[in-house]
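Participant: Take this sequence and fold it.
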Amino acid sequence: MSETGGDCETCEHPMDPHAMIPTAEDPREGGVMLCPVPGCLCFATWSVPPFSERGAVLVPDTEELAAMRAFVQKIHLN
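Facilitator: This next block holds a predicted model:
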């Protein structure tokens, strides 16, 4: 991933509007990052050390991830 303010290395859209969504009770345990550009399927996980050392980040199933992406891309248009 690139520094905030640059472009995403995965989809090449601006990094700043990407949504970081926690997927655990404690946000420091990580989550997913989604691009708000309609139609973009960019996806990454994130966590905050030392919590990242506890194991893999919880990733939603395909349907929930698609719903999250649709929501993020819809609010980006408004």
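
Participant: how far away is the residue positioned nearest the centre of the chain from P60?
Facilitator: Computing the C-alpha centroid of the chain and ranking residues by C-alpha atoms, centre = their mean puts M33 first, at 0.7 Å. M33 sits 13 Å away from P60, going by C-beta to C-beta, to the nearest Å. To be clear about C-beta, it is placed using only N, CA and C from the backbone, and glycine gets the same treatment.

Participant: from the chain's centre, how far out does stretch 63-78 sit?
Facilitator: Relative to its parent chain, stretch 63-78 has a centroid offset of 11 Å by C-alpha atoms, centre = their mean, to the nearest Å.

Participant: Sorry, wrong one. I was asking about stretch 39-56.
Facilitator: 8 Å.

Participant: Next, the buried residues of that stretch.
Facilitator: C40, C42, A44, W46, S47 (16 or more other C-beta atoms under 10 Å).

Participant: So which of those is the closest to C11?
Facilitator: C42 (3.8 Å; C-beta to C-beta).

Participant: need the contact list for P22.
Facilitator: E29, G30, G31 (C-beta atoms under 8 Å, 6 or more residues apart in numbering).

Participant: hmm, try it at 7 Å
Facilitator: Counting by C-beta atoms under 7 Å, 6 or more residues apart in numbering, P22 touches G31.

Participant: That'll do, ta.
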